[in-house]
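Give me coordinates for this.
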Amino acid sequence: MRQLRAMMKKELFEQLKTHRLVVMLLLFTLVGVLSPAFAKMTPWLLDLVSGDMAETGIQIGNLEVTSLSSWTQYYKNMQIILFVFLILYGGILTSEYQHGTLIILLSKGLKRHNILLPKYFALLLIWTFGCLISFGITFAYTVYFWDNSIIQNLAFSLLAFYLLGVWMISVLVGASVFCRSVSAVLLVCAACFGISYFAGFFPAVSDYVPTLLLGQMDLLTGTTDCSHFLPAIVITVLLTVFNVAAAVLCFRKTSI
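Numbers count the residues shown, from 1 in each chain. Just a heads-up that it's a prediction; the model follows:
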C-alpha cells in the first residue's frame with residue numbers, strides 16, 4: 001500500500017511537471033465557460049451573418065436559445081475533450097518503455113501492479129476532477145442565464161458520460177501494456193470505441209454497448225428513461241474492471 005501511495009504521488013507530480021495536468025484542467029475549465037457562452041452568443045452570431053445569407057436567398061429564422069442549448073454544446077465539447085485526453089495521455093506507459101525507466105523501478109523492488117495501477121488511478125483522478133470542474137462551471141452559468149428546471153436527468157447524464165470516459169481510460173492503460181508506441185495505443189482505443197459504436201446499430205446488442213452512454217440528449221429531454229441505460233452502465237463497469245485486471249495480470253508476465 002505504501003508503494004501504491006508513493007507511486008500515485010510520483011504520477012501526479014510528473015503530470016504537473018510536464019504541464020499535462022495544467023493543460024487538461026485548463027481545457028476542462030474552458031469547456032465549462034465556453035459551452036454556455038457559445039449558446040448565449042449563437043443568436044448574435046446568426047444576426048451578424050443573416051444579412052449576407054439573405055443576399056444568397058437563405059433566410060435565417062429566429063433561434064430560441066434555452067438551457068438545453070447550453071448542455072447540448074457542453075456534451076459536444078466534452079466528446080472532443082475525451083479524445084484530447086486520450087491523445088495527451090497515450091504515452092503514459094509507452095514513454096517508460098522507450099526511456100527504460102521501468103527497469104530502474106523494478107530493480108528498486110517495486111511490484112509491477114504498483115507501477116501500473118497508479119497510472120490508471122492518476123488518470124482516473126484527473127478525469128474525475130476535470131469532469132466536476134467543467135460540469136460545475138457550465139451548471140452555474142446555465143442557471144444564471146436560463147431556466148435550468150426544464151432539463152431532466154442532469155446528474156445521470158453526467159454519470160453516463162463520465163463512465164464512458166472511465167472505460168476508455170481502462171482501454172488506454174490496457175493497450176499500453178502491449179503496445180510500445182503512442183500511435184498503436186491510440187489505434188487500439190479508436191478500434192474499441194469504433195467497435196462499440198457500430199455494434200450499437202444492431203438491435204440485439206444496442207442496449208448493452210458502452211457508447212450508448214453518449215445519449216445525453218435523450219436523457220436531458222426526458223425522451224428516454226434512465227433505466228434504459230442501466231444495462232449499458234453495468235456492461236461498461238464490468239468491461240472497465242476486466243480491462244484493468246487483465247492489464248495488471250498481463251503486465252506481470254510482459255517482458256520489459
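
Quick one: the helices in this structure, in order.
Counting by DSSP state H, residue ranges of the helices within the chain are 2-17, 20-55, 67-88, 94-99, 101-107, 113-145, 154-178, 182-199, 216-220, 230-253.

so which of those gets nearest residue 207?
Relative to residue 207, the nearest member of the helices of the chain by C-beta to C-beta is helix 230-253, separated by 5.3 Å. Heads up, the C-betas are built off the backbone N, CA and C, glycines and all.

that older thread, nearest to residue 209, out of the helices of the chain?
helix 182-199 (4.6 Å).

rewinding a little: ok, which of the helices of the chain comes nearest residue 208?
Scanning those with C-beta to C-beta as the criterion, the closest one proves to be helix 230-253, at 4.9 Å.

counting contacts, what elements does the closest one pack onto?
Packing partners of helix 230-253 (3 or more C-beta pairs under 8 Å, 6 or more residues apart in numbering; DSSP states H and E): helix 113-145, helix 154-178.

which one of those is the most hemmed in?
Between those, the one whose residues have the most neighbours on average, counting mean count of other C-beta atoms under 10 Å, is helix 154-178 (a mean of 22).

now that helix against helix 67-88, angle please.
Going by axes from the mean of the first three to the mean of the last three C-alpha atoms, to 10 degrees, helix 154-178 is angled at 10 degrees with respect to helix 67-88.

so residue 120 touches residue 176, yeah?
No - here residue 120 does not reach residue 176: they are 9.6 Å apart, not a contact under C-beta atoms under 8 Å.

could I get the helices of the chain as TSV with mean pLDDT and distance to residue 210?
Formatted as TSV, those follow (pLDDT from 0 to 100; distance: least, C-beta to C-beta, whole Å):
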stretch	mean pLDDT	distance to residue 210
helix 2-17	80	25
helix 20-55	77	21
helix 67-88	94	12
helix 94-99	76	24
helix 101-107	74	30
helix 113-145	92	15
helix 154-178	95	5
helix 182-199	94	5
helix 216-220	91	14
helix 230-253	93	4
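
okay, those in CSV with distance to residue 205 next?
Putting the helices of the chain into CSV (distance: least, C-beta to C-beta, whole Å) gives the following:
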stretch, distance to residue 205
helix 2-17, 35
helix 20-55, 31
helix 67-88, 22
helix 94-99, 32
helix 101-107, 38
helix 113-145, 26
helix 154-178, 16
helix 182-199, 5
helix 216-220, 18
helix 230-253, 10
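
picking that back up, generate TSV for the helices and strands packed on helix 230-253, with distance to residue 235 as supplementary columns.
Rendered in TSV, the data for the helices and strands packed on helix 230-253 read as follows (distance: least, C-beta to C-beta, whole Å):
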stretch	distance to residue 235
helix 113-145	19
helix 154-178	9
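
Indicate which one of those helices is closest to residue 199.
Each of the helices and strands packed on helix 230-253 has some distance to residue 199 by C-beta to C-beta; the shortest is helix 154-178, at 13.9 Å.

Not counting sequence-adjacent ones, nearest residue to residue 114?
Once its chain neighbours are removed from consideration, residue 114 has its nearest residue in residue 3; the separation is 4.2 Å (C-beta to C-beta, 6 or more residues apart in numbering).

Next, the contact list for that neighbour, please.
110, 111, 114 (C-beta atoms under 8 Å, 6 or more residues apart in numbering).

Closest one of these to residue 96?
Among the contacts of residue 3, and counting by C-beta to C-beta, the member closest to residue 96 is residue 110, at 11.8 Å.

quick one: the closest one from residue 14, how far?
In this view, residue 110 and residue 14 are 15 Å apart by C-beta to C-beta, to the nearest Å.

now swap in residue 238 and tell me
Residue 238 sits 30 Å away from residue 14 when distances are taken as C-beta to C-beta.

Let's have the contacts of residue 3 in TSV, adding distance to residue 180.
Compiled in TSV, those are given as follows (distance: C-beta to C-beta, whole Å):
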residue	distance to residue 180
110	20
111	22
114	21
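
Identify, from these, the entry nearest to residue 234.
residue 114 (29.1 Å).
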